[in-house]
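Peer 1: need a 3D model of the following:
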Amino acid sequence: MSIVSNLNTIKANLPEHVTLVAVSKTKPVPDLMEAYEAGQRIFGENKIQEMADKYEEMPKDIQWHMIGHVQTNKVKFMAPFVSLIHGVDSLKLLQEINKQALKSNRIIDCLLQIHIAEEETKFGLDENELDELLLSSEFKKMKNIRILGLMGMATFTENQNQIKKEFTHLKSIFDSIQQRKDAQQCASTMDDFSTISMGMSGDYQLAIECGSTMIRIGSSIFGGR
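Peer 2: Residues are numbered from 1 along each chain as shown. Modelled structure (predicted):
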């Protein structure tokens, strides 16, 4: 199967409201260009340097999504061009993104990463930390970020019931923030809060059933690493 046919097969079966992020980390530019020529414009990378190199080399109508864990000292390297940062898991990181966005004269879109998995190795905010962040005066002062929604990663397991439980949990947190937003209890940075990024090659169909609006797919498009 080619990259183009993989991509077309996945896209043909996606509901209209679901955005596909082609996870292109570790893949060479010619592979990404194959997907680009087939119409894909959103690519996800997990290392800022690799993403910056590909940004320099590739067409400028691509939206680059940072899907990996972000170190605050690296934010400045992607601030001029990144479209969406999926893995925002602390107020400190958000403050740095806001600072670097201001320097680049941009507003940077972000997703708050929520820890839904049972694995300790996964990053993300728990519900208390999320509340603290949303209610903090520092958060309400930020003018150069926009929180578009939430991101979560399920436990790496074959147990579909567990994955479904974790995805459903993320959706319920999302819904509760939506209600607060509707009641005008959230900062204006939350006005476009509508994205749930969950689901990867192995579980994206289940994620969509549970309410995902953005899926991150790598190996099903580009083949294994």
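Peer 1: C-alpha only now, for contacts and for neighbours.
Peer 2: OK.
Peer 1: mind checking the longest helix of the chain?
Peer 2: Of all segments of type helix in the chain, defined using DSSP state H, the longest is helix 160-182.
Peer 1: any idea which helix or strand comes after it?
Peer 2: Downstream of helix 160-182, the first helix or strand assigned by DSSP states H and E is strand 195-197.
Peer 1: now do that next one: everything it contacts.
Peer 2: Identification of contacts with strand 195-197 by C-alpha atoms under 8 Å, 6 or more residues apart in numbering yields 86, 111, 148-152, 171, 174, 211-216.
Peer 1: what do you get for stretch 62-69?
Peer 2: With C-alpha under 8 Å, 6+ apart as the test, stretch 62-69 has contacts from 21, 41-48, 51, 55, 81-88, 123.
Peer 1: and if we set it to 6 Å?
Peer 2: R41, I42, F43, G44, E45, N46, V82, S83, L84, I85, H86, G87 (C-alpha atoms under 6 Å, 6 or more residues apart in numbering).
Peer 1: ends of that stretch, how far apart?
Peer 2: 21 Å (C-alpha to C-alpha, to the nearest Å).
Peer 1: starting at the chain centroid, how far to that stretch?
Peer 2: 7 Å (C-alpha atoms, centre = their mean, to the nearest Å).
Peer 1: what mean pLDDT does that stretch have?
Peer 2: Per-region confidence: stretch 62-69 scores 97 on mean pLDDT.
Peer 1: low pLDDT regions in this protein?
Peer 2: Applying pLDDT under 70 to the chain flags the ranges 121-122, 225.
Peer 1: helix, strand or coil for the spatially most central residue of it?
Peer 2: Geometric centre of the chain, nearest residue: H86, 2.9 Å, by C-alpha atoms, centre = their mean. On the three-state scheme (DSSP: H, G, I helix; E, B strand; the rest coil), H86 is labelled strand.
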